[in-house]
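# With the sequence up front, the predicted model follows.
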Amino acid sequence: MPWWRLGRRRQPVVENTSGRAVVHHIIRGRRFLANVPYVLPKDLQEVSRLDFQHYMLRYALRTNYVAPLEHPQAILDVACGTGRWAKEMAQTFPAANVIGLDITPHATDEQQAAQPSNYLFVQGNVLEGLSFADATFDYTHMRLMMAALPLDRWQFVVNEMVRVTRPGGWIELVEGDLLYGVGPAFDQLNQWGIELCKKRGIDLTIGPRVVNFLHETGLEPVYSHRVLIPTGKHGGRLAMMAETDYMAIFASVRGFLVSLGLTTEAEFDRLYQQAQREMHEGQTPWPFYVCYAQRR
């Protein structure tokens with residue numbers, strides 16, 4: 001039985017959002033989307049983590065984008081999450097229309113009232129394709145989908161991003177990788193995460209190979225950069241942010257791992273505390289990959 005059906009014995013939560021019903025399951029106090037591959041929660045606690053992760057990446061990259069943008073008029077953020085990145089891009093490029101697309105919005109009424117006038121949220125599931133005409137955007141962006149896209153859907157999604165990008169426009173992908181060799185407890189938590197994702201056809205180690213999907217579209221040249229974010233007590237502020245984010249990711253899937261019988265609450269908690277010490281005492285860098293190409 002696929003793991004995402006474990007919650008079906010619980011009463012599902014149905015939320016009507018933008019005219020489209022979104023079904024959630026509550027598993028050990030965290031809210032998860034039903035019947036989609038995404039393995040991380042979709043709740044306010046995750047909103048806080050995603051925004052924090054955004055600030056970490058912006059701090060590490062010293063920018064919100066790497067592609068050589070000039071004066072984009074239309075920008076699409078695929079799987080925009082909280083919309084933080086897209087809204088900041090709307091402020092950076094006030095003459096551009098910026099669309100954030102995701103399967104469900106996170107913004108509260110207060111946040112919606114404060115969003116830039118040139119930003120628009122559109123509800124949609126990227127696995128079903130992008131509901132935009134060919135050559136609509138000057139810049140199409142997607143990041144950190146390693147825990148959301150099954151391996152056999154990556155090329156389809158990247159092809160869709162290229163399709164909706166105008167000639168002369170840019171496509172940019174940003175993905176992370178796992179931290180390896182931090183310590184035995186940390187490695188075990190990683191392994192449980194890998195096993196969890198495999199049940200949905202998701203490959204958590206896809207980060208270094210995401211650039212290949214841009215090559216497969218026929219776009220050349222494709223530019224790729226590896227960014228190493230420090231970890232450990234000697235890595236400074238950025239390392240502290242990375243430690244907080246990575247450990248929060250582990251904590252967010254605790255309930256799923258226990259529900260699947262991969263571990264027990266006691267075992268997870270013991271290894272979690274040990275893994276936190278291993279990461280803090282070590283200095284293994286956390287790799288991220290930024291790749292981009294121009295549509296000709």
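Okay, I see it.
# Contacts only, for the nearest residue to residue 115 once chain neighbours are set aside.
Closest residue to residue 115 apart from its sequence neighbours, by CB to CB, 6 or more residues apart in numbering: residue 87 at 5.5 Å. Just so you know, the C-beta spots here come from the backbone N, C-alpha and C atoms, and that holds for glycine as well. Going by CB atoms under 8 Å, 6 or more residues apart in numbering, residue 87 touches 98, 100, 115-116, 119.
# could these go into JSON lines alongside secondary structure?
Compiled in JSON lines, the contacts of residue 87 are given as follows (DSSP: H, G, I helix; E, B strand; the rest coil):
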{"residue": "98", "secondary structure": "strand"}
{"residue": "100", "secondary structure": "strand"}
{"residue": "115", "secondary structure": "coil"}
{"residue": "116", "secondary structure": "coil"}
{"residue": "119", "secondary structure": "strand"}
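# Among the residues you listed, which one has the most neighbours?
Among the contacts of residue 87, residue 98 has the most neighbours (other CB atoms under 10 Å), with 30 neighbours.
# pretty sure it contacts residue 85?
No. Look at residue 98 against residue 85 with CB atoms under 8 Å: they stay out of range, at 9.6 Å.
# residue ranges of the strands in this structure, please?
Taking DSSP state E to define them, one finds strands in the chain at 13-17, 20-27, 30-33, 74-78, 97-102, 119-123, 137-143, 165-176, 222-229, 286-294.
# Of those, give the one that comes closest to residue 261.
Judged by CB to CB, the one of these that comes nearest to residue 261 is strand 20-27, at 13.6 Å.
# where's residue 270 relative to residue 236, distance?
29 Å (CB to CB, to the nearest Å).
# Same drill for the two, tell me which one is more crowded.
Taking other CB under 10 Å, residue 270 and residue 236 do not tie; residue 270 has more neighbours (13 against 10).
# Give me the contact list for stretch 190-198.
Surrounding stretch 190-198, the residues in contact under the criterion CB under 8 Å, 6+ apart are 3, 39, 147, 178-180, 203-205, 249-250, 253, 256-257, 260, 262-263.
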